[in-house]
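Novice: Here is a sequence together with a model predicted from it:
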Amino acid sequence: MTATKRIPVSEPVWTSLSDMKKPGQTYDGLLSEIIEHEKERRFLAEMATIEAEGDFVEFAP
């Protein structure tokens, strides 16, 4: 099911989004891509934090 929602953005944000959009790409596609990149960035940052601060116990395989 597709729902159409309106998200108010400032003119500079709209321009930046337009500049990022590939030819033929929808804003829905662009925002989905941005969301996936952000999820990956957050995951990798969390893993780096765990690696840097974690207390690990060595075990034999």
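Specialist: The structure has been received and is ready for your questions. Just so you know, these numbers come straight off a predicted model, no measurement behind them.

Novice: And the spatially most central residue of the chain, which helix or strand is it part of?
Specialist: Centrality entry for the chain: nearest residue to the mean C-alpha point is residue 38, 2.0 Å, by C-alpha atoms, centre = their mean. Following DSSP states H and E, one finds residue 38 within helix 27-53.

Novice: Could you name the helices and strands sitting against that helix?
Specialist: Judged by 3 or more C-beta pairs under 8 Å, 6 or more residues apart in numbering; DSSP states H and E, the packing partners of helix 27-53 are helix 11-20. (Each C-beta comes from the backbone N, C-alpha and C, glycine too.)

Novice: what does the helix it packs on contact?
Specialist: 9, 27, 30, 34 (C-beta atoms under 8 Å, 6 or more residues apart in numbering).

Novice: Please export the C-alpha coordinates of that helix as PDB.
Specialist: This file holds the C-alpha atoms of helix 11-20, laid out as PDB (Å, rounded to 0.1, in the frame of the first residue of the first chain):
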ATOM      1  CA  GLU A  11      14.400  25.700  -0.100                       C
ATOM      2  CA  PRO A  12      18.100  24.900   0.600                       C
ATOM      3  CA  VAL A  13      17.200  21.300   1.600                       C
ATOM      4  CA  TRP A  14      15.000  20.900  -1.400                       C
ATOM      5  CA  THR A  15      17.800  22.100  -3.700                       C
ATOM      6  CA  SER A  16      20.300  19.700  -2.000                       C
ATOM      7  CA  LEU A  17      17.900  16.800  -2.500                       C
ATOM      8  CA  SER A  18      17.400  17.800  -6.100                       C
ATOM      9  CA  ASP A  19      21.100  17.900  -6.700                       C
ATOM     10  CA  MET A  20      21.600  14.400  -5.100                       C
END
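
Novice: All set now, cheers.
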